[in-house]
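Trainee: What follows is a predicted protein model with its sequence.
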Protein chains: 2
Amino acid sequence: MQLVSIKSLFRNLSEYEGKEVTIGGWLRSKRDSKTFGFLVVNDGTFFEPLQVVYSDALVNFADISKLNVGSALVVTGVVTPTPQAKQPFEIQATAIEVEGASTPDYPLQKKRHTLEYLRTMTHLRPRTNTFQAVFRVRSMIAYAIHKFFQERDFVYVHTPLITGSDCEGAGEMFQVTTMDLNNLPKNEDGSIDYRQDFFAKPTNLTVSGQLNGETYAMAFKNIYTFGPTFRAENSNTTRHAAEFWMIEPEMAFADLDDNMILAESMLKYVIRYVLENAPEEMAFFNQFVDKGLLDRLNHVVSSDFGHVTYTDAIKILEKHNDEFEYKVSWGCDLQTEHERYLTEKEFGRPVFVTDYPKEIKAFYMKLNPDGKTVAAMDCLVPGIGEIIGGSQREDDYDKLLCRMKELNLNPEDYEFYLDLRKYGSARHSGYGLGFERCVMYLTGMGNIRDVIPFPRTVKNCDL
Amino acid sequence: MQLVSIKSLFRNLSEYEGKEVTIGGWLRSKRDSKTFGFLVVNDGTFFEPLQVVYSDALVNFADISKLNVGSALVVTGVVTPTPQAKQPFEIQATAIEVEGASTPDYPLQKKRHTLEYLRTMTHLRPRTNTFQAVFRVRSMIAYAIHKFFQERDFVYVHTPLITGSDCEGAGEMFQVTTMDLNNLPKNEDGSIDYRQDFFAKPTNLTVSGQLNGETYAMAFKNIYTFGPTFRAENSNTTRHAAEFWMIEPEMAFADLDDNMILAESMLKYVIRYVLENAPEEMAFFNQFVDKGLLDRLNHVVSSDFGHVTYTDAIKILEKHNDEFEYKVSWGCDLQTEHERYLTEKEFGRPVFVTDYPKEIKAFYMKLNPDGKTVAAMDCLVPGIGEIIGGSQREDDYDKLLCRMKELNLNPEDYEFYLDLRKYGSARHSGYGLGFERCVMYLTGMGNIRDVIPFPRTVKNCDL
């Protein structure tokens, strides 16, 4: 079918003025009188809907007037500018075909629905204004991230989802198996015989592609991953999902400063891309979801990110311990309230906190000369707290081995990882960006369930 | 660190001629005499390696001469054109720092290794020529696919990985659980109490994002997915992996013809992108992996794909039944040998086979007016066979329900899917492209294990 998209009509109006076009879309609302009527139609390509005017000159005028909201229509008509009206143009219909009718009980009538209510209909909510905006912007953010890294010659690496190892010991994992749970194969001693499982050993869903990514950085210099990641944490919050997407760049011959430069450039690039390519959606978020969003993002794009060491950050925070639920002192992990204090009140812009105590960070982070802290960095942003966590990696074979032993990790499980420090080790750094947190940050949406098409959370695996 | 990439030197040579630059990379090979020597260095940004000349003017000349292959180096020197030599320029070193040494037993010495041998060292093989080429091209293909769809305003949808449903009944699935297999919670009747599992029901890894994708196409008109997919098939072939990536576009207001136009444009776009952006890698594949590859791909880009109905294809194939291991007759599924015959011998180019018997295709495909065939299409390409499978979807509520009942599917499990036919149904179509098959097709690589960074196959889940 030769259809014109509604986006194309809005963006290239002068090209279509006075011409007859055909569009396909869904009826959002309808007003009619005895001899004519107005249809508001959306085809999913553009945030603003299209106004269609029809009259009793149409053979099926009576049928059109009875249409239910949600109906799929193929509308042919003339593009007519409407300089006096709210919308810049309308279509004066010469033919309207009903592609698929709807019913009077269509759940998305023209009234406002709560996000909670819409969560109960994952398959229909993308037809609403809010979710049209969220998921179009989500798609753009994903593309902007690819574009950013590809323009800089980073190699996109698909790290594995099913894994035999627990990268960071990062908490609860989902087990993957093909064994019949009603009839598990057993060894003579009664333990489970994993040799009978698909991979002939226990396997889990990945919690991070980082260690795999490092092996590729030591071959391609600059790489990034962008794929799903899993946490089987029993936390029912607005910020946690069991399945989410993560971006993990890794650079060889790069230290912590290079890492922070990359992270800051990436965030600015992505924000700029979305502001330029989704102005209608961003204006909607700014007006209805998070007032002040546009000011905040524009401010981020034009300001340098702050930098503070963990040690200095603790000194700042300690002065305000009376304002915090969790009091801070050197050695403790930062909670969201502390992170937000730093980025919102102290700096008023995104800030990198660096050089955390080694005890609260992962084994693979590079030990600083002080012997107490590691070359880690977290990027905190207003409204969210931590959005990026990264580090320079320990590239010294002996120091890494020593740290693994301190933490009771079995070096045999990490032989491949130690090899990278044996055969041409190089300073290298990388970070992880939680994709959904990034979408929340750019849209102002407050619940992770509302930025994932089909969210997976505790006790919830719908569709 | 301010490093120049080797790619940048090769692509913008005139800019660097006579200037001093610093690069970081790994030693591939070395030749030396008493007073000077040559290093071949690769930094993973470009297929061609860099030649470095050094002399005993360097303070650490003796150390450099003792370097093992695989060492990580930071080389500073002057970019000097070498019009007489094989390589267009070399670096005359003014300083060479050893960033990380290597050992004499480094597994990747300068001799040729078999692909089988390299499969035993997943973490080091990306440092070899073949895998540098494969994984750089893989990354480019992924990006070209995103670029193609985004330029056409398709919305990228992340369909879920963990799912409570079996989309196509497409065979063996991996089960996902957080229950303790040594101590499974049981109901009173001895069955497993899935209410205790993370999602409070049995869950699997997805075999296709299509049904979820359709819900988004009915909101955004044009969408695509690009994500991991899983098959727990016990097939140890060169073409099957347990974990692979799939691209699934879906278009509303689009029929089977629109679907084939999209598939053909996409394949041509991706081939063109790779030919333009990876000429060195493609020349390498053409010379060492698959002679004739470039001719074949250039031919595909410049020719129209063929079209044949299943019924006509069977007539063609029946004439050659004596050449086939599996004889064909109307109603049977096509094997790879038949697919390859059609695309390689009969058409000599990619071909779409359409309108398959409904019995050998999925329940959701649109029934043709003949009542026997469905509006399906498979795209077959030389050297591979099927690379794309798609269809127009059944958009009629009653026909879909009827087909589901014929196949003993429980309509309650598909309520969301039936809703799409109840509230503004529209003709719609889509297809699936196996990403790894696409990479094999474009590189000429013969084993799927060699185009996946960390392949997962039966009894193999390494790293």
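Mentor: Sure thing, it's come through.

Trainee: what residues does the stretch 351-463 of chain A put near chain B?
Mentor: A:395, A:416-417, A:419-427, A:452-454, A:456, A:458-463 (Cβ under 8 Å from any Cβ of the partner chain). Heads up, the C-betas are built off the backbone N, CA and C, glycines and all.

Trainee: Just the buried ones from these?
Mentor: Among these, those classed as buried by 16 or more other Cβ atoms under 10 Å in any protein chain shown are A:395, A:416-417, A:419-427, A:452-454, A:456, A:458, A:460-463.

Trainee: The residue in the stretch 301-450 of chain A that chain B sits nearest to: which element?
Mentor: In the stretch 301-450 of chain A, the residue that lies nearest chain B is A:S425 (3.2 Å; Cβ to the nearest Cβ). Using DSSP states H and E, A:S425 falls within no helix or strand.

Trainee: Touching, A:Y310 and A:V353? I think so.
Mentor: Yes. Between A:Y310 and A:V353 there is a contact under Cβ atoms under 8 Å: 5.6 Å.

Trainee: Overlap in contacts, these two.
Mentor: Listed as contacting both A:Y310 and A:V353 by Cβ atoms under 8 Å, 6 or more residues apart in numbering or on different chains are A:L334.

Trainee: Flag the shaky bits of the stretch 1-150 of chain A, pLDDT-wise.
Mentor: Across the stretch 1-150 of chain A, the ranges flagged by pLDDT under 70 are A:1.

Trainee: ok, which residues in it are in contact with chain B?
Mentor: Contact residues (Cβ under 8 Å from any Cβ) of the stretch 1-150 of chain A with chain B: A:1, A:3, A:5, A:7, A:24-27, A:43-45, A:70-72, A:74, A:99-103, A:106-107, A:122-124, A:126-127, A:131-132, A:135-136, A:138-139, A:142-143, A:146, A:150.

Trainee: Now, those residues that are in strands?
Mentor: Under the assignment DSSP state E, the residues of the stretch 1-150 of chain A next to chain B contribute A:24-27, A:72, A:74, A:99-100 to strands.

Trainee: From those, pick the one nearest A:P81.
Mentor: Closest approach to A:P81 among these (Cβ to Cβ): A:G25, at 19.9 Å.

Trainee: Which pLDDT does the model give A:E276?
Mentor: A:E276 carries a pLDDT score of 98 in this model.

Trainee: quick one: A:F285 from A:G292, how far?
Mentor: 10 Å (Cβ to Cβ, to the nearest Å).

Trainee: Those two: which has the busier surroundings?
Mentor: A:F285 (22 against 12; other Cβ atoms under 10 Å in any protein chain shown).

Trainee: Please enumerate residues in contact with the strand or helix carrying A:E116?
Mentor: According to DSSP H and E, A:E116 maps onto helix A:115-119. Applying Cβ under 8 Å, 6+ apart, the set of residues contacting helix A:115-119 from outside is A:124-125, A:128, A:130-131, A:447, A:449-450, A:455.

Trainee: Any of these buried? List them.
Mentor: Among the contacts of helix A:115-119, the ones that count as buried by 16+ other Cβ under 10 Å are A:124-125, A:128, A:130-131, A:449-450, A:455.
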